[in-house]
Each structure stands twice: as C-alpha cells, then as structure tokens.
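> turn this into a model:
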Amino acid sequence: MKQWLENLALIAATFWIGGLWVVGIVAYELFKLIPEAQLAGSIAGQLFKMMAYVGMATSIYLLIQRVYQFGTNALKQGFFWLIVLMLLLILISHLGINPLLEKFKLEAMPKDVMESVFADRFATWHGISSIAYLLECFLGVFAILKIR
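The predicted model follows:
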C-alpha cells in the first residue's frame with residue numbers, strides 16, 4: 001500500500017509541477033497570439049486559477065502522504081518544507097493577490113485596468129504575483145528532485 005501511495009505522490013507531483021511550467025509558457029504565448037491583452041489575460045487567469053486548485057489539492061496530498069509514510073520524521077525532510085512553502089505561495093497568490101487584481105479590474109470598468117488610475121497598483125501586484133509563480137515553478141523542480 002505504501003509503495004502505491006508513494007508512486008501516486010510521484011505522479012501527482014509530476015503532473016502539478018509540469019502543469020505549472022506548461023501554464024507559464026502557454027500564458028506567455030497567449031499574449032503574443034491574441035491581440036487583445038484583456039482577453040489573453042482573462043484566459044491566462046483561468047489557467048492560473050486551475051493550477052492553483054491543482055496545486056492546493058496535490059500539495060495537501062503530498063504532505064499527508066509524507067506524514068503517513070514517515071510519521072513525524074517527515075518534518076525533518078526538505079521535501080516536506082518545500083511543499084509547505086509552495087502551498088503558502090499558492091494561498092498568498094490565490095487568496096490574497098488575485099482578489100486585489102480582480103478588484104482593480106472591476107473598479108477600472110468600463111476601461112481596461114491598464115488605462116485606468118489603477119494601472120500602477122495593478123502592475124505592481126501583478127509583478128509580485130508573477131515572481132511568486134516563478135518561484136513556485138523553480139521550487140517545484142527542487143521538489144521533484146527531492147521526492148525520493
């Protein structure tokens with residue numbers, strides 16, 4: 001049973017981390033392919049939201065699986081703390097930063113947020129969100145290397 005759960009953890013982590021990288025690349029390409037930035041941003045936002053849910057579910061599974069497999073020794077493993085950090089980045093972005101970005105977009109209506117008085121604040125928070133996502137991607141690479 002433990003081997004099956006360990007294999008599932010490896011598959012889930014690979015799906016999650018691979019998905020992070022794919023969504024990041026696809027989002028970048030969307031802005032090159034779709035001339036209307038607002039539409040490209042909306043599509044990219046949905047992809048990032050989907051990956052946030054995948055990340056939350058997967059990270060919780062990985063943490064539970066580690067504790068089940070190693071008991072309290074899981075707390076001494078770098079992998080465990082990498083996943084905790086990645087989960088915190090997801091929660092900060094999804095529950096903290098993204099609602100701010102949505103608020104700026106709504107308050108800017110009917111204008112595009114980048115043509116409104118909220119453009120500077122939106123750009124700042126969007127940049128912070130992008131850095132958090134990129135950090136999550138790189139931490140994910142280390143997590144995959146440390147999973148076994």
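> this structure: helices as residue ranges?
Shown for the chain, the helices assigned by DSSP state H span residues 2-33, 37-70, 78-91, 98-108, 119-146.
> right, so those: which one is the most enclosed?
helix 78-91 (a mean of 18; mean count of other C-beta atoms under 10 Å). In short, each C-beta sits where N, CA and C put it, glycine included.
> quick one: it to chain centroid distance?
11 Å (C-alpha atoms, centre = their mean, to the nearest Å).
> CA atoms only: put stretch 115-122 into CSV for me.
In CSV, the C-alpha atoms belonging to stretch 115-122 read as follows (Å, rounded to 0.1, in the frame of the first residue of the first chain):
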residue,chain,number,x,y,z
GLU,A,115,-5.7,52.5,-18.9
SER,A,116,-7.1,53.5,-15.5
VAL,A,117,-5.8,55.2,-12.4
PHE,A,118,-5.2,51.6,-11.0
ALA,A,119,-2.6,50.8,-13.6
ASP,A,120,0.4,51.3,-11.4
ARG,A,121,-1.0,49.3,-8.5
PHE,A,122,-2.2,46.6,-10.8
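> wait, Ala132 touches Leu88, no?
No - in this structure Ala132 lies outside contact range of Leu88 using C-beta atoms under 8 Å: 9.6 Å.
> show me what contacts Ala119?
Contact analysis of Ala119 by C-beta atoms under 8 Å, 6 or more residues apart in numbering lists Val113.
> take the helices of the chain and write them to CSV, including mean pLDDT.
Below are the helices of the chain laid out as CSV (pLDDT from 0 to 100):
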stretch, mean pLDDT
helix 2-33, 94
helix 37-70, 96
helix 78-91, 97
helix 98-108, 90
helix 119-146, 95
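> show me the contact partners of stretch 38-48.
With C-beta under 8 Å, 6+ apart as the criterion, stretch 38-48 contacts Val23, Val26, Ala27, Leu30, Phe31, Leu33, Ile34, Asn98, Asp112, Tyr133.
> what's the closest of those residues to Val54?
Val23 (9.4 Å; C-beta to C-beta).
> how about the contacts made by the closest one?
Shown in contact with Val23 (C-beta under 8 Å, 6+ apart): Leu47, Phe48, Met50, Met51.
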